[in-house]
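> Predicted model and sequence below, questions to follow.
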Amino acid sequence: MTYAELLQAIRDYTEVDSNVLTDSICNGFIRDAEWRIARDVDADYDRQYSNATLVAGEIAWIFCDGAGAGAAVTKQTISSSPATFTVGTDLTVTGDASVGDDLSLASDGAILNFGADSDVNITHVHDTGLLINAARELRFRDSDLKILSSADGQLDIDADTELELTAPTLQMNVTTADVNGNLDVSGTSTLTGNVTLGGQLIMPDVTDAKILVGWYKLSRSSCQW
């Protein structure tokens, strides 16, 4: 129904012509009816609503918490050069999030949680590094290549085939080095402490020079001093 048809219907219903029911009077009737309908349908009609103000040329996102009348309205200003977006409270993303450039966790002690129940997390330790919680693992390729701490005070490096360390010098500052398996040393070994053998010392080649003590030598045929 058009506005003109509505006016004519009011006049036909009241049997009063346009000289009495002028357009302004009909407009008043219509506005009053609209107000009464809105009041009956929405109990929040007369409440004070929150608002956000945008000045000329300003670029911003407007957020509402969805609580109906009196809902909190938040304005987040967006700078166009460069484009930045700042959220002053928590931000929840229910789908995938892609970051085209740097991602910064700008608070000391920031935590990055993984999993529906946050069972794996990485915590920033101020001026130190990153902390993986409990006995969680850092894996490579599959579950057989990993670094973890299976117990307090112990660091485990597991590999199912080979652990390769490549460096000009390997320094081990340990109290005890326990090798459970064969030890194959193809270069020169220098031992400055005592060597205790629980078994035989076997040298498979048959050359005369076997063990050098200072500039003396022990051969397989005789001891020379």
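Structure's in. What do you need?
> So which residues of the protein form helices?
3-14, 23-41 (DSSP state H).
> CA-only coordinates of the last one in CSV, if you can.
Read it as helix 23-41. What follows is helix 23-41, C-alpha atoms only, in CSV (Å, rounded to 0.1, in the frame of the first residue of the first chain):
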residue,chain,number,x,y,z
ASP,A,23,-2.3,15.3,5.2
SER,A,24,-0.6,16.7,8.4
ILE,A,25,-3.4,15.3,10.6
CYS,A,26,-3.1,11.9,8.9
ASN,A,27,0.7,12.0,9.4
GLY,A,28,0.2,12.5,13.1
PHE,A,29,-2.2,9.5,13.2
ILE,A,30,0.4,7.4,11.4
ARG,A,31,3.3,8.4,13.6
ASP,A,32,1.3,7.8,16.7
ALA,A,33,0.3,4.3,15.5
GLU,A,34,3.9,3.5,14.6
TRP,A,35,5.0,4.5,18.0
ARG,A,36,2.3,2.4,19.8
ILE,A,37,3.1,-0.6,17.6
ALA,A,38,6.8,-0.3,18.3
ARG,A,39,6.2,0.1,22.0
ASP,A,40,4.0,-3.0,22.2
VAL,A,41,6.4,-5.1,20.1
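> which stretches of the protein have low pLDDT?
In the predicted model of the chain, residues 1-3, 6-7, 10-11, 13-21, 36, 38-50, 66-70, 79-85, 88, 204-225 satisfy pLDDT under 70.
> The residue nearest in space to the middle of the chain and Ile132: what is the separation?
Computing the C-alpha centroid of the chain and ranking residues by Cα atoms, centre = their mean puts Leu112 first, at 4.0 Å. Applying Cβ to Cβ, to the nearest Å, one obtains 10 Å for the distance of Leu112 from Ile132. C-beta here means a position set from N, CA and C on the backbone, and glycine is covered the same way.
> and if you look at Gly181?
Counting by Cβ to Cβ - Gly181 and Ile132 are separated by 28 Å.
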